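Colleague: This is a predicted model, with the sequence first.
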Amino acid sequence: CGDTWFLEGTTVSPEFIVSALINGVSRCFGVSAVSIEGFESLWSPIRSDTPRPDARNVVIYARQVQDAGSGFRFWRDLNVNGKAEAGELGLILAGSSTLNDFSVERDAGGTLSLTPVRSGTGVLRYGTAPVPDLTSIDVAPVGPYSTGGIEALPGWGYVFETDGGDGFNRYGAVRITHVGQDFLILDWSFQTDFGNPELI
């Protein structure tokens with residue numbers, strides 16, 4: 001965390017919200033308390049955290065119904081500068097594109113699946129039960145991640161491990177909010193900090 005520290009703020013409430021953080025830039029935090037006499041406590045254990053971008057209510061079609069809009073890429077470094085920037089995140093592509101992290105596929109029985117596409121991409125269902133919100137997916141689990149399709153179930157969370165192209169993995173999370181016959185609706189988040197599995 002380094003040796004240079006700055007006071008982020010103070011509060012009299014049991015919670016404190018840090019604002020104006022930049023996605024993908026890690027920050028370290030420590031907390032202390034000051035008594036009414038003005039004595040400061042020891043710091044809490046130091047915690048490093050990295051904010052990440054997300055989006056909600058994204059519609060993705062089944063490729064067998066509509067190729068356009070049936071694929072998804074968490075991040076594509078279009079200007080090859082190694083930084084996740086606006087216009088490079090949460091890209092909805094044709095399901096037939098080999099650039100996708102995953103496509104939505106519908107089998108003969110009508111089941112929709114999230115199917116990894118790009119080499120170095122795998123998926124894993126998060127936990128053993130539905131999750132109440134996207135923010136319930138806190139840390140990418142240790143694999144193995146499947147390169148085959150996995151059924152898309154409403155309320156469930158999924159974690160994707162993707163190849164960042166620089167020797168480091170990147171992690172994205174998806175929570176399915178609706179599964180229809182021809183499309184699904186999902187929320188997604190993506191940790192832009194290379195190799196960092198924190199998704200909350």
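Modeller: Nice, I can see it. Residues are numbered from 1 along each chain as shown.

Colleague: Any idea which helix or strand in this structure has the lowest mean pLDDT?
Modeller: Ranked by mean pLDDT, DSSP states H and E, the weakest helix or strand in the chain is strand 47-49, scoring a mean of 84.

Colleague: for the next helix or strand after it, which positions count as buried?
Modeller: For strand 47-49, the following helix or strand on the C-terminal side (DSSP states H and E) is strand 54-61. Within strand 54-61, the residues that count as buried by 16 or more other Cβ atoms under 10 Å are Asp54, Val58, Ile60, Tyr61. C-beta: built from backbone N, CA, C; applies to glycine.

Colleague: Pick the one among those closest to Tyr158.
Modeller: Proximity to Tyr158 was ranked across these by Cβ to Cβ; first place goes to Ile60, at 12.5 Å.

Colleague: shouldn't the closest one be in contact with Ile92?
Modeller: Yes. Judged on Cβ atoms under 8 Å, Ile60 makes contact with Ile92 at a distance of 6.7 Å.

Colleague: residues shared between the contacts of those two?
Modeller: In terms of Cβ atoms under 8 Å, 6 or more residues apart in numbering, Ile60 and Ile92 are both contacted by the residues Gly69, Gly71, Phe72.

Colleague: Out of those residues, give me the one that has the most neighbours.
Modeller: For the shared contacts of Ile60 and Ile92, counting by other Cβ atoms under 10 Å, the largest number of neighbours falls to Gly71: 26 neighbours.
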